[in-house]
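Enquirer: How does the following fold in three dimensions:
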Amino acid sequence: MDYRITSLQQEIDTLKSGGGPEVIVTTEERASELEKGLEKTKPINNYKGSAGFKEGLKRMGRVIYEYGYRVTLARFRSLHPDSEVKEDPFTVWPEDDSVLMERQ
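Expert: Numbers count the residues shown, from 1 in each chain. Reported below is the predicted structural model:
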């Protein structure tokens, strides 16, 4: 974000130094448009920094991981029908229910 702001400020400075009043007016219009664009991105950046967004990403990663596991397990069982897999890592065990989990 800081890189984008500095690059936009450099763009404005080069445009201002390059000409007369028309260029300055055009540059100021462009600067106001860019500032409005930056204002629109602030809520998005705030949301992406929130704990809810990060938890959602973790949950999605977990779902994708579990799905991949199940696909791999189905492939394994189709290729090796006589083999056995001892336990499903996604099964909820009664002893796991009593463990308190910290939440960030």
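
Enquirer: which residue is nearest the centroid of this protein?
Expert: Per C-alpha atoms, centre = their mean, the C-alpha nearest to the average position across the chain is that of Lys48, at 6.5 Å.

Enquirer: any idea how far that residue is from Thr41?
Expert: Using C-beta to C-beta, to the nearest Å, Lys48 is found at 10 Å from Thr41. Placement of C-beta: from N, CA and C, glycine included.

Enquirer: cool, and Tyr47?
Expert: From Tyr47 to Thr41 the distance is 11 Å (C-beta to C-beta).

Enquirer: go on, Gly52?
Expert: Separation of Gly52 from Thr41 (C-beta to C-beta): 19 Å.

Enquirer: So which of the two has more stuff around it?
Expert: Remark: of Gly52 and Thr41, Thr41 carries more neighbours, 12 against 8, as counted by other C-beta atoms under 10 Å.

Enquirer: Just the pLDDT at the more buried one, thanks.
Expert: On pLDDT, Thr41 comes in at 82.

Enquirer: Residue numbering should commence at 208 henceforth.
Expert: Sure, I'll start counting at 208 from here, so that last one is Thr248.

Enquirer: Counting by contacts, list what the host helix or strand of it packs against.
Expert: Thr248 belongs to helix 228-255 when assigned by DSSP states H and E. Packed against helix 228-255 by the contact rule (3 or more C-beta pairs under 8 Å, 6 or more residues apart in numbering; DSSP states H and E) you find helix 209-224.
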